[in-house]
Structures are given as C-alpha cells and as structure tokens.
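**Student:** what follows is a predicted protein model with its sequence.
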Amino acid sequence: MRFIAPAREAVDPAVFARLPLSYWSEFAALLGAQEWPSVADLDALRDKVQNETKDTLPHFVAQSPQLLGDGLHYEARIAERGIVATRERNWHDLLNALIWLRYPALKSALNARQVAEIALIGAKQRTRAQYALTHFDEGGAIVQLRDPALLELWDAHDWHGLFWRERAVWRDGSIAVHVFGHALLEHALNPNALFVGKALVVAMRDPANDSLADIAAAIRAGDLLNDPQELRPLPLSGIPGWHADNEREAFYADTPCFRPLREGRRYPPLGYSARIGPS
C-alpha cells in the first residue's frame with residue numbers, strides 16, 4: 001500500500017523533536033511552521049547554502065505543466081537544466097529539497113548515475129543499478145561502522161543481538177547513522193511508524209574527520225549501488241532512542257519490522273565498502 005503523508009495541520013509537532021527528524025533541526029522553521037514554505041523559499045535557501053559551502057546545487061522550481069512541457073525526464077532536467085521539479089505543499093518534495101541542501105554531493109552523484117543509465121537503455125526500462133540508486137535515494141541510510149564484527153549479527157538478522165545485547169555501541173559513537181532517503185523521513189511524520197531503511201554500510205575510520213564525500217565519489221564512479229542486493233535492511237526503530245517501545249527487550253521479538261533472514265539472502269562483505277577513500 002502506498003504511503004500517504006498526513007496533511008500539514010494533522011502532523012503532531014512532537015515528531016520533529018524525535019529521531020530521525022530531530023537531526024534536521026536546522027530546517028525546523030520549514031518543517032514545523034503552520035504554513036508551507038514556498039518553492040521560492042526553498043530556492044532562496046539553496047542560494048544561501050551554495051554561497052556558504054561552495055557546493056553546486058540545482059534550483060528548485062515549482063512543478064507545472066509549463067515546466068514539464070520541456071519533455072525531459074526528471075533526472076535529465078536536473079542534469080541538463082539544473083532544475084529540480086518540486087511540487088508545492090508536498091512533504092515528499094520538501095524533504096527531497098532538504099536532502100539536496102544537506103547532501104548535495106551525494107544527490108548529484110545519484111543523479112549523474114541515473115542519467116548515465118538512462119543514456120544506456122532509455123527512459124522506459126530500468127537497470128539493476130537504477131533500482132539500487134532509487135531505493136537508496138528514497139529509503140536509504142548510510143551507516144558508518146567501527147567494528148566489522150557487528151555485521152555477523154546484522155547479516156543473520158539477529159536483531160536482538162544487534163540492538164539489545166550490543167546496545168552500547170549505538171550510543172558510544174561506534175556506529176554513525178545518516179538517514180538519507182526522503183521517503184523514509186516522510187514516514188517519520190507518523191509518530192507510530194516503524195522505520196526500515198536500506199543501509200549502505202561503510203567502515204568508520206576517523207570519526208572526527210570522516211566525510212561522506214568519499215561515498216559520493218564512489219557512487220559517481222560506479223563502485224557502489226550497482227545492485228539493490230548491496231543494501232542491507234536496517235530497522236531504524238530498533239536503534240536505542242529511536243522508538244519509545246524499544247526500551248523493552250520483548251520489542252525485538254514481537255514487532256513486525258524485525259524480519260528473519262530470507263533463505264538464500266546474502267550481503268556484501270564490509271571490505272567492499274571499506275575500500276572507499278584513503279586508508
């Protein structure tokens with residue numbers, strides 16, 4: 001069933017103080033205000049961010065029949081015209097804009113790959129890489145992991161072990177989680193939502209200096225996100241502090257987001273991702 005976001009006036013303001021939306025507090029005025037920000041407001045913020053960071057961002061332009069009349073594919077319009085067609089008064093597109101504002105290099109890398117794939121096979125077909133890129137764009141999370149041994153629990157879908165027995169590592173900086181997918185953030189508008197992200201797992205080297213720029217470069221180069229099977233399911237509701245009920249041990253046994261490992265499912269070793277960037 002397709003998720004339908006609540007009306008703006010129906011959103012409980014408390015969700016913006018909870019993870020993962022609380023990580024986006026710099027945009028609190030856009031998220032929590034009674035009135036929708038206009039697409040022009042978003043584009044003005046784009047100019048401010050670009051001037052401060054020197055990153056190149058596309059413009060946000062209100063989607064209209066006139067804009068779509070150029071006949072371009074959504075991704076091609078970003079690449080060729082520097083325009084993100086953005087629906088007014090729409091949570092999905094507002095959150096997509098915020099991802100662009102915070103992670104422009106990652107979004108640009110995804111766009112470049114999508115356009116390259118479209119050039120290969122046309123706009124009416126989709127490659128395995130396109131599915132991976134889209135899954136990550138919509139529901140993705142980046143997880144930086146200090147201890148590769150945790151993958152054994154994760155890959156076995158031992159959710160009790162990963163989130164309960166190893167509870168401390170989620171709090172002491174051994175794991176860093178960056179929610180990237182705008183559809184995932186949209187689901188967070190529902191205070192009762194059980195979140196499951198599609199995680200791209202990489203090795204944490206120096207947390208003080210770790211940058212996501214290496215990941216963006218690897219995606220752009222085609223070293224990552226060539227198949228949806230690269231992405232591990234991550235029930236974000238299991239992370240300590242991300243759901244009110246996960247202080248109960250039984251939460252990890254009786255909650256439907258914690259699914260068993262499907263027969264035959266295998267995940268890539270951390271070494272595949274860990275080679276990103278300088279050692």
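**Tutor:** Everything's here; your move.
**Student:** okay, now the residue nearest to residue 16 when sequence neighbours are not counted: neighbour count?
**Tutor:** Excluding its sequence neighbours, the residue lying closest to residue 16 (C-beta to C-beta, 6 or more residues apart in numbering) is residue 32, at 5.0 Å. Every residue, glycine included, has its C-beta placed from N, CA and C. When neighbours are defined as other C-beta atoms under 10 Å, residue 32 has 15 of them.
**Student:** so residue 32 sits right up against residue 14, yeah?
**Tutor:** No. Using C-beta atoms under 8 Å, residue 32 makes no contact with residue 14, being 10.1 Å away.
**Student:** so which residues of the protein form strands?
**Tutor:** 59-62, 83-86, 140-145, 175-179, 197-203, 232-234 (DSSP state E).
**Student:** out of those, deepest packed?
**Tutor:** Across the strands of the chain, averaging neighbours per residue (mean count of other C-beta atoms under 10 Å) puts strand 197-203 on top, at a mean of 24.
**Student:** in its sheet, what does that one sit against?
**Tutor:** strand 140-145 (parallel), strand 232-234 (antiparallel) (DSSP bridges).
**Student:** how about it as PDB, C-alpha atoms only?
**Tutor:** Output of strand 197-203 as PDB, limited to C-alpha atoms (Å, rounded to 0.1, in the frame of the first residue of the first chain):
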ATOM      1  CA  GLY A 197      15.900   1.800   5.900                       C
ATOM      2  CA  LYS A 198      18.000   0.400   3.100                       C
ATOM      3  CA  ALA A 199      21.500   0.800   4.500                       C
ATOM      4  CA  LEU A 200      24.800   1.300   2.700                       C
ATOM      5  CA  VAL A 201      27.400   0.200   5.200                       C
ATOM      6  CA  VAL A 202      30.900   1.600   5.200                       C
ATOM      7  CA  ALA A 203      33.800   1.300   7.600                       C
END
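**Student:** quick check: domain ranges of this structure?
**Tutor:** 12-125, 132-274 (automatic domain parsing).
**Student:** any idea how far the shortest one is from the middle of the chain?
**Tutor:** In this case it means domain 12-125. 13 Å (C-alpha atoms, centre = their mean, to the nearest Å).
**Student:** burial measure for the closest residue to residue 45 other than its chain neighbours, as a count.
**Tutor:** Once flanking residues are discounted, residue 45 sits nearest to residue 101: 6.4 Å by C-beta to C-beta, 6+ apart. Counted with other C-beta under 10 Å, the neighbours of residue 101 add up to 23.
**Student:** residue 101 touches residue 46, doesn't it?
**Tutor:** Yes. Assessed by C-beta under 8 Å, residue 101 is found in contact with residue 46 at 6.6 Å.
**Student:** check contacts around residue 114.
**Tutor:** Residues in contact with residue 114 (C-beta atoms under 8 Å, 6 or more residues apart in numbering) are 75, 130, 133-134.
**Student:** same question for residue 97.
**Tutor:** Each residue near residue 97 by C-beta under 8 Å, 6+ apart is listed here: 42, 46, 60, 84, 86.
**Student:** could I get the strands of the chain as TSV with mean pLDDT?
**Tutor:** Output for those, formatted as TSV (pLDDT from 0 to 100):
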stretch	mean pLDDT
strand 59-62	98
strand 83-86	98
strand 140-145	94
strand 175-179	93
strand 197-203	93
strand 232-234	97
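**Student:** so which of the ones you listed gets nearest residue 224?
**Tutor:** strand 197-203 (6.7 Å; C-beta to C-beta).
**Student:** show me where the stretch 1-150 of the chain has helices.
**Tutor:** Remark: helices assigned in the stretch 1-150 of the chain by DSSP state H, counting those that start in this stretch are 28-32, 39-53, 65-68, 74-81, 91-102, 104-121, 128-139, 150-155.
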